[in-house]
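In: Curious how this folds, go ahead:
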Amino acid sequence: MTTQKRTFAYMMNPTVGKYHYGPGHPMKPYRVELTNCLVLEYKMHKKMNIFCPSEASIHDMTRFHSEDYVEFLSRVAPNSQEYQRFYSIYNLGDDCPVFTGLFDFCKLYTGASLLSATQLNHKQSDVAINWSGGLHHAKKCEASGFCYVNDIVIAILELLKYHDRVLYIDIDVHHGDGVQEAFYFTDRVMTVSFHKYGNNFFPGTGSMYEIGAETGRYYSINVPLREGITDDDYYELVFKPVMSTVMQYYRPKCIVLQCGADSLGGDRLGCFNLSIKGHGKCVSFVMEQNLPVLVVGGGGYTVKNVARCWTYETSLILNEQLSNDIPYHDYIEFFAPDCQLHPNLFNPKIENGNSRQYLESIVQFVNEKLRLLAHAPSVQMHDVPPDLLDTANHAGGKPTRRADTANEFYDGNNDVDRTD
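Out: Numbers count the residues shown, from 1 in each chain. Have a look, this model is predicted:
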């Protein structure tokens, strides 16, 4: 399958960017609206099938999450006294606040990932993109790390109906703990996470010794990195050799790629020193495998760079060349003063703590564990369960070009997003 013959599905819900976690919270859903706007201005939507997905249902969410947790999310609202006693049980608070429209937000981004999986299952698309998804920290019974519903796990469960083996790759600066935990005991999903580890960095998991258990032993791969890693070290010394070995031994039928942009240099919550092009090399590698791919977003807290990154990576998926000069559009002020797609993100204040010897030792450890795999697992399925979503009811909708979110845009000189 060549890139020219591939078909692409792009999830573009006009309202997912309107939700607001609260004043001062680093998670900004409107980064997806910024990305969509750039995708439109660069005319890339003409190369893709654009979908406005339906919302996921409670039934969809309880494929993974517990019923009581999903029921709680569906009922809780800001300042609702009767539910506050459950906040500690479900891990709601500063990181995972209760905001207006919380459950609607979860239904939107989860529905988009589900439709993406269904598109791949029925070979209606070869690659599906949902930048609003990728909330990889959410657990079965609780929220975590700005994530409430784990759309990735739910989408992978859907993909497993048609694909014997699914490979999950996570290039967020934070460990993909929620996805790893969900599939820790199975060989039908291999999780591979490249992340910062140590010094109490969130979420605190992701040691290279977390390798899976029981049937899933050796099917959890973790690449724990130190702060300050740069493009060449990340891709040439770690990502490419690890993923080449994974592809050789696991032979996946489908790939889910989480493209958290907080691994870029200059991210508010990150500590790596990757450029947008360096981050994108990982996307290019995945596309070169010529397999069905579901691409989702994830972390990323310097909003203008998140939009730049995901726009550029959309172009890599499409094999399109983009001008470095960002076209004039409604949000051009966010990208001032340079208005470039590829600004210099390198932070000289962060020293690279990853020696060549350290990185090579990690790769050697991973390779040794992968060689212990007896074979690529397979499964016989006589009856394919019904789809969670009815694709016939998911027609492409006309995208909305701008979201007007209260307290998010330029309201005055004190707006924190003026200098993000």
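
In: Which strands border the longest strand belonging to the chain, and is each parallel or antiparallel?
Out: Criterion DSSP state E: the longest strand present in the chain is strand 189-196. In the sheet, strand 189-196 lines up against strand 166-170 (parallel), strand 220-225 (parallel) (DSSP bridges).

In: Which of those strands has the highest mean neighbour count?
Out: Among the strands paired with strand 189-196, judged by mean count of other CB atoms under 10 Å, the one packed with the most neighbours on average is strand 166-170 (a mean of 28). C-beta coordinates here come from the backbone N, C-alpha and C atoms, glycine included.

In: What is the helix or strand following that strand packed up against?
Out: Of the helices and strands lying after strand 166-170 in sequence (DSSP states H and E), the nearest is helix 177-182. Using 3 or more CB pairs under 8 Å, 6 or more residues apart in numbering; DSSP states H and E as the contact criterion, the neighbours of helix 177-182 among helices and strands are helix 151-159, strand 189-196.

In: Distance-wise, check residue 266 relative to residue 223.
Out: In this structure, residue 266 and residue 223 are separated by 22 Å, where distance is defined by CB to CB, to the nearest Å.

In: whoops, residue 288 was the one
Out: When residue 288 is compared with residue 223 (using CB to CB), they lie 20 Å apart.

In: And for residue 113?
Out: With the distance defined as CB to CB, residue 113 ends up 24 Å from residue 223.

In: Equivalent analysis for residue 213, please.
Out: Relative to residue 223, residue 213 is positioned 19 Å away (CB to CB).

In: ok so, going back, out of the helices and strands packed on helix 177-182, which gets nearest to residue 143?
Out: helix 151-159 (13.1 Å; CB to CB).

In: Centre of the chain to that closest one, how far?
Out: On the basis of CA atoms, centre = their mean, to the nearest Å, helix 151-159 sits 12 Å off its chain's mean C-alpha point.

In: counting contacts, what elements does that helix pack onto?
Out: With contacts defined as 3+ CB pairs under 8 Å, 6+ apart, the packing partners of helix 151-159 are helix 102-121, strand 166-170, helix 177-182, strand 254-258, strand 293-296.

In: change it to 7 Å
Out: helix 102-121, strand 166-170, helix 177-182, strand 254-258 (3 or more CB pairs under 7 Å, 6 or more residues apart in numbering; DSSP states H and E).

In: picking that back up, take the strands paired with strand 189-196 and lay them out in a markdown table including mean pLDDT.
Out: A markdown table is the format used below for these (pLDDT from 0 to 100):
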| stretch | mean pLDDT |
| --- | --- |
| strand 166-170 | 98 |
| strand 220-225 | 98 |
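
In: could you dump those to JSON lines with distance to residue 209?
Out: Shown next, in JSON lines, are the strands paired with strand 189-196 (distance: least, CB to CB, whole Å):
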{"stretch": "strand 166-170", "distance to residue 209": "18"}
{"stretch": "strand 220-225", "distance to residue 209": "8"}
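
In: which residues are contacting the strand or helix carrying residue 366?
Out: Using DSSP H and E, the secondary-structure element containing residue 366 is helix 356-370. With CB atoms under 7 Å, 6 or more residues apart in numbering as the test, helix 356-370 has contacts from 208, 211, 218, 221, 223, 233, 237-238, 241-242, 245-246, 249.

In: one more time with 8 Å, if that's ok
Out: Helix 356-370 is contacted from outside by 208, 211, 218, 221, 223-226, 233, 237-238, 241-242, 245-246, 249-250, using CB atoms under 8 Å, 6 or more residues apart in numbering.

In: Which ones among these map onto strands?
Out: With strands identified by DSSP E, the entries of the contacts of helix 356-370 that belong to them are 221, 223, 224, 225.

In: hmm, which two among those residues are most spread apart?
Out: Between all members of those, the longest pairwise span (CB to CB) is found for 221 and 225 and amounts to 13.2 Å.

In: Could you check how far residue 196 is from residue 171?
Out: From residue 196 over to residue 171 the distance is 12 Å, taken as CB to CB.

In: Of the two, which one has the most company?
Out: When residue 196 and residue 171 are compared for neighbours, residue 171 comes out ahead with 28 against 24, by other CB atoms under 10 Å.

In: list the contacts for that one?
Out: The neighbours of residue 171, taking CB under 8 Å, 6+ apart as the test, are 194, 239, 257, 258, 259, 260, 263, 279, 282.

In: Dump those residues to a markdown table, plus pLDDT, distance to residue 164 and neighbour count.
Out: A markdown table is the format used below for the contacts of residue 171 (pLDDT from 0 to 100; distance: CB to CB, whole Å; neighbours: other CB atoms under 10 Å):
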| residue | pLDDT | distance to residue 164 | neighbour count |
| --- | --- | --- | --- |
| 194 | 98 | 25 | 29 |
| 239 | 98 | 25 | 21 |
| 257 | 99 | 19 | 24 |
| 258 | 99 | 21 | 24 |
| 259 | 98 | 25 | 27 |
| 260 | 98 | 27 | 28 |
| 263 | 98 | 30 | 30 |
| 279 | 98 | 30 | 26 |
| 282 | 98 | 24 | 23 |
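
In: out of those residues, who's nearest residue 296?
Out: residue 258 (5.5 Å).

In: from memory the closest one sits against residue 153, does it?
Out: No. Taking CB atoms under 8 Å as the definition, residue 258 is not a contact partner of residue 153, at 11.4 Å.

In: Overlap of the contact sets of those two?
Out: Counting by CB under 8 Å, 6+ apart, the contacts common to residue 258 and residue 153 are residue 179.

In: Enumerate the helices of this protein by residue range, in sequence order.
Out: 30-41, 58-61, 67-75, 102-121, 151-159, 177-182, 231-232, 240-250, 276-287, 303-318, 356-370 (DSSP state H).

In: could I get the last one in CSV with only the CA atoms?
Out: Which is helix 356-370. Taking C-alpha atoms only, helix 356-370 is exported to CSV below (Å, rounded to 0.1, in the frame of the first residue of the first chain):
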residue,chain,number,x,y,z
ARG,A,356,24.9,7.6,24.8
GLN,A,357,25.8,4.7,27.1
TYR,A,358,22.5,5.1,29.1
LEU,A,359,20.4,5.1,25.9
GLU,A,360,22.2,2.1,24.4
SER,A,361,21.7,0.2,27.7
ILE,A,362,18.0,0.8,27.5
VAL,A,363,17.8,-0.4,23.9
GLN,A,364,19.8,-3.5,24.7
PHE,A,365,17.5,-4.3,27.6
VAL,A,366,14.4,-3.9,25.4
ASN,A,367,15.9,-6.0,22.6
GLU,A,368,16.7,-8.8,25.1
LYS,A,369,13.1,-8.9,26.3
LEU,A,370,11.7,-8.8,22.8
